[in-house]
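Q: model the structure of this input:
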Amino acid sequence: MRVDAWGKDGTKVTLRCAHKDLEDCVGQATAAFGMELLRGKGATGDPTIGPGVWYPAELQADARSNILAVARQKTLVWEV
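A: Next comes the predicted model:
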């Protein structure tokens, strides 16, 4: 899976993540988000993902870090 993202200043970041199987890759990313939604707590004990609809860039840094840490497990390739 490859994700390209551009910042407001035009900076580009690319993430490449590979598993043995594409379904594993997509499933791992989806599960990582679900786990963070259900279990994620910030430094204050509040949920890291509040109610509503969020773009990934809008999530708290703690939530993004936790999601990526889970998504990275069992990858064959992880490049940022």
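Q: can you map out the strands along this structure?
A: 2-6, 12-18, 77-79 (DSSP state E).
Q: so what touches the last one?
A: Here strand 77-79 makes contact (Cβ atoms under 8 Å, 6 or more residues apart in numbering) with 14, 15, 16, 17, 18, 72. C-betas here are computed from N, CA, C, even on glycine.
Q: so which of the strands of the chain is nearest residue 32?
A: strand 12-18 (10.9 Å; Cβ to Cβ).
Q: pull out the buried residues from the closest one.
A: Applying a neighbour-count criterion of 16 or more other Cβ atoms under 10 Å, one finds residue 17 buried in strand 12-18.
Q: repeat for stretch 23-33
A: 25, 28, 29, 32, 33.
Q: quick one: pLDDT of the last one?
A: Spelled out, it's residue 33. In this prediction, residue 33 carries a pLDDT score of 91.
Q: can you give me the neighbour number for the residue lying closest to it once chain neighbours are set aside?
A: Leaving aside its sequence neighbours, residue 33 sits nearest to residue 67 (Cβ to Cβ, 6 or more residues apart in numbering; 5.7 Å). When counting by other Cβ atoms under 10 Å, one arrives at 23 neighbours for residue 67.
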